[in-house]
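> Give me a model of this one.
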Amino acid sequence: MPALHVRGRGLPDGQPVEWWVVDEGSAEDGRSRGVLRSEPVRGAETVWDGGWIVPGLVDAHCHVGLGPVPGGAVGIDEAAAQAETERAVGALLLRDCGSPTDTRSLDDRDDLPRIIRAGRHVAKPKRYLAGYAVDVEDESQLPGIVAEQARRGDGWVKLVGDWIDRSIGDLAPLWDDEILEQAIAAAHANGARVTAHVFGEDALPGLINAGIDCIEHGTGLTDDTIELMVERGTALVPTLINLENFPGIADQAAKYPTYAAHMRDLYQRSYARVAAAREAGVPIYAGTDAGSTIAHGRIGDEIDALRGIGMSATDALGAACWDARTWLGRPGLVDGAPADLVCYDEDPRLGSAVVNEPGLVILRGRVF
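Have a look, this model is predicted:
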């Protein structure tokens, strides 16, 4: 692979930057690995000159390999197509928050975004979408199953923290507080962090006090649980564009009027609650919940939505870029890092109209 050269303005500081991309392939496996270098490389081809250059974007909550209800799982070719859609908008690092499809074979493809997997959702029978989760028949099995999913994933485990309990006709927590502590400790002992799907209010205290690392959605946050998240350093991925589905969920739940009313109420309060979390200092990152009801390739829309809760244009982009990479333990644009970057003609802080149309994407040193 010939050396490449890009020049423009970097973010968040807006200062001029230049990078050279060189091939430092491995002799062991023969795979090409484009690497960033800050020192000039003689004979490099300039593929971008001007505009703006940022690290590859991050979708911190998506589902590669997940399809529509019922069943959920899709074939590996469709999973690859989902990843290609993310690549087209510059989302080059994906935290897959649960998928019934084993997508590990996609790691063999140098043309697809890097995926950080959380294994499969972990839930109780009939307490989540059919076909999506590993069902825990006996709650005492939860720590062992979490440990297994930790070993199957890439440093994350995904719990279902609450879902409709049809016996009461409303959202309710799935797990006892004591067993949550054991399960989260088991994940941590296996080198994994834990996140949880949570819509309502009641599951949050137990999860946060048990040491969970992140909350997904978080529409039921209260002042007390926000304070607890700040104290514990718990992150939040609010998936704001997916919250627009709440009214439709409520409309389909006429059989459970209490649950339907609860979902409508959560929807009405959701932006204000996430805004309060941001103001209090809860770390917030961008995730779309792509897969099933949300199309892939919408990270720009989620960045816009984060601005709607009071984030500055720079912070909203950072929540889907450099800040998210730091949180996930992946490098940005530094000497020796993998050459995963996105180039724009205009400042991507202007919003989704720019973010959704990158001028150039470089993934593992390859130009797209």
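> Name the SS class of the spatially closest residue to residue 297 that is not a sequence neighbour, please.
In space, and not counting its chain neighbours, residue 297 is closest to residue 85: 4.3 Å by Cβ to Cβ, 6 or more residues apart in numbering. (C-beta placed from N, C-alpha, C; glycine too.) Here residue 85 takes the helix state, with states given by DSSP: H, G, I helix; E, B strand; the rest coil.
> Next, count neighbours for residue 85.
17 (other Cβ atoms under 10 Å).
> swap in residue 216?
Look at residue 216: counted by other Cβ under 10 Å, it has 25 neighbours.
> Same question for residue 133.
23.
> Please report the distance of it from residue 85.
Separation of residue 133 from residue 85 (Cβ to Cβ, to the nearest Å): 24 Å.
> State the helix or strand in which residue 236 lies.
Here residue 236 sits within strand 235-237, counting by DSSP states H and E.
> packing partners for that strand?
strand 214-217 (3 or more Cβ pairs under 8 Å, 6 or more residues apart in numbering; DSSP states H and E).
> Which residues are in contact with residue 364?
Going by Cβ atoms under 8 Å, 6 or more residues apart in numbering, residue 364 touches 32-34, 110-111, 338-340.
> Are any of those buried, and if so which?
33-34, 338-340 (16 or more other Cβ atoms under 10 Å).
> Can you add secondary structure and give these back as TSV?
Supplementary listing: these in TSV, determined by three-state DSSP:
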residue	secondary structure
33	coil
34	strand
338	strand
339	coil
340	coil
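> which one of those residues is nearest residue 198?
Distances from residue 198 to the buried ones among the contacts of residue 364, taken as Cβ to Cβ, are shortest for residue 340 (30.8 Å).
> from memory that closest one sits against residue 110, does it?
No. Counting by Cβ atoms under 8 Å, residue 340 sits too far from residue 110 to count as a contact (11.3 Å).
> Spit out the residues that contact these two alike.
Listed as contacting both residue 340 and residue 110 by Cβ under 8 Å, 6+ apart are 363-364.
> If the closest residue in space to residue 15 that isn't next to it in sequence is in a bridge, with which residues?
Closest residue to residue 15 apart from its sequence neighbours, by Cβ to Cβ, 6+ apart: residue 9 at 6.7 Å. Residue 9 has the following beta-bridge partners by DSSP bridges: residue 16, residue 52.
> Just give me the residue right at the centre of the protein.
Central residue of the chain (Cα atoms, centre = their mean): residue 60, 1.4 Å from the mean position.
> That one touches residue 95, doesn't it?
Yes. Using Cβ under 8 Å, residue 60 is in contact with residue 95, at 4.7 Å.
> can you list the domain ranges for this protein.
Domain assignment of the chain by the TED database yields the ranges 2-53+329-365, 56-325.
> Start and end of the longest one, how far apart?
Think domain 56-325. 9 Å (Cα to Cα, to the nearest Å).
> as a whole number, average confidence for it?
Per-residue pLDDT over domain 56-325 has a mean of 96.
> what separates it from the chain centre, distance-wise?
8 Å (Cα atoms, centre = their mean, to the nearest Å).
> thinking again about what came up before, can you give me the neighbour number for the residue nearest to residue 15?
Residue 9 has 16 nearby residues by other Cβ under 10 Å.
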